[in-house]
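Visitor: Build me a model:
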Amino acid sequence: MRKSSRKSAKVSSRERRYADCRNGLGIEAICWMLVRKERKRKVHSLIDKVWNWKNLNEAWKKVKKNKGAAGIDKITIDEFERNLEQNLNEIQRLLRQDKYEPTPVNRIYIPKSDGKQRPLGIPIIRDRVVQQALKNVIEPIFEAEFLDSSYGYRAGRSAKQAIEQIEAVRDE
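Guide: Numbering: from 1, shown residues only. Sure, this is the predicted structure:
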């Protein structure tokens, strides 16, 4: 083996998984990317936790609670719920087979107070359930790693709270 080949061969499995994610290989690759070596409890894959029936049911309940409009497929929350078990089984099957493909969002424009319009993307119900199921699995992993001083994109935290914290530290 030439010297340059050895260098390229010394790529960790974590780096390979991350490279796969950047190339868009799917949800399973993303779940692998999120597995962290330094965690006390070693997790080898997260995708089985995403498609877990209990997790999908919890995700559905949160999506239903948020209400929301139909996506590009025009299927409403009520219509999705009529065939709930069949719909969740189909999501689970697609995730297990790594064949899940999100659908394009329905783009609408909502008026702003200054007269301009703001674009809003509305995903289909099925995609919202998968997004919520992923969030249920990965949010606790990230939350364990964040510092108390981190505010960006975290549940129950806002930019206003971050500014208040900065002002409080400044005033000390």
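
Visitor: buried stuff in the longest helix along the chain?
Guide: Looking across the chain with DSSP state H, the single longest helix is helix 125-145. By 16 or more other C-beta atoms under 10 Å, the buried positions in helix 125-145 come out as 125-130, 132-134, 136-138. Every C-beta, even on glycine, is put in place using the N, C-alpha and C of the backbone.

Visitor: closest to residue 90 among the residues you listed?
Guide: residue 126 (7.9 Å; C-beta to C-beta).

Visitor: Report the contact partners of that closest one.
Guide: Applying C-beta atoms under 8 Å, 6 or more residues apart in numbering, we find residue 126 in contact with 75, 80, 87, 90-91, 103.

Visitor: how close does residue 52 get to residue 101?
Guide: Distance, residue 52 to residue 101, using C-beta to C-beta, to the nearest Å: 20 Å.

Visitor: Tell me which of those two has more neighbours.
Guide: residue 52 (16 against 7; other C-beta atoms under 10 Å).

Visitor: in this structure, which helix or strand is least confident?
Guide: With mean pLDDT, DSSP states H and E as the measure, the helix or strand of the chain carrying the lowest mean pLDDT is helix 3-9 (a mean of 35).

Visitor: residues near the closest residue to residue 134 other than its chain neighbours, how many?
Guide: Spatial nearest neighbour of residue 134, chain neighbours left out: residue 50 (5.7 Å); criterion: C-beta to C-beta, 6 or more residues apart in numbering. Applying other C-beta under 10 Å, we find 26 residues neighbouring residue 50.

Visitor: which regions of the chain lie under the pLDDT threshold?
Guide: 1-44 (pLDDT under 70).

Visitor: In terms of secondary structure, what does the helix or strand residue 61 falls within contact?
Guide: Counting by DSSP states H and E, the element that carries residue 61 is helix 53-66. On a contact count with 3 or more C-beta pairs under 8 Å, 6 or more residues apart in numbering; DSSP states H and E, helix 53-66 meets helix 77-82, helix 84-96, helix 125-145.
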